[in-house]
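Peer 1: generate a structure from the sequence data that follows.
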Amino acid sequence: MGLLSGLLLFPVTGPVRGLQFVLEQIRAEADAQLMDERAVQAELMSLDLLYCRGEISDEEYEAREAELLDHLNAIRASNEGYGGGDDYREGDAW
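Peer 2: Residues are numbered from 1 along each chain as shown. Sure thing, here's the model as predicted:
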């Protein structure tokens, strides 16, 4: 795209590129929250607390726990695939 066409099309392409940037940022944040192992662990603890208080049934507890554990396993598998796991062993160089 030449300079002149870039200037003439800026009122259209500028907002489109801005929107694209914002959407990429939203997607990155959503992915980060979805893949947050600590959030899933906290949800498991909340679920356990609700169960211990008798606020949810055995069936609800087991179904939700299975979902959360599957999600947690998927996160851990994904982190291992990307090298996100803590594979440090004593004697390894930093």
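
Peer 1: which pLDDT value goes with the most centrally placed residue in the chain?
Peer 2: For the chain, the residue nearest the mean C-alpha position is Leu34 (2.4 Å; Cα atoms, centre = their mean). Looking at Leu34, its pLDDT stands at 87.

Peer 1: could you pull up the contacting residues of it?
Peer 2: By Cβ atoms under 8 Å, 6 or more residues apart in numbering, Leu34 lies in contact with nothing. In short, each C-beta sits where N, CA and C put it, glycine included.

Peer 1: any idea how far it is from Ser78?
Peer 2: In this view, Leu34 and Ser78 are 10 Å apart by Cβ to Cβ, to the nearest Å.

Peer 1: quick revisit: for the residue nearest to the centre of the chain, give its distance to Val40.
Peer 2: On the measure of Cβ to Cβ, Leu34 and Val40 end up 9 Å apart.

Peer 1: now Asp70
Peer 2: Applying Cβ to Cβ to Asp70 and Val40 gives a distance of 10 Å.

Peer 1: who's more crowded, these two?
Peer 2: Neighbour comparison, Asp70 and Val40: the larger count goes to Val40, with 21 against 11 (by other Cβ atoms under 10 Å).
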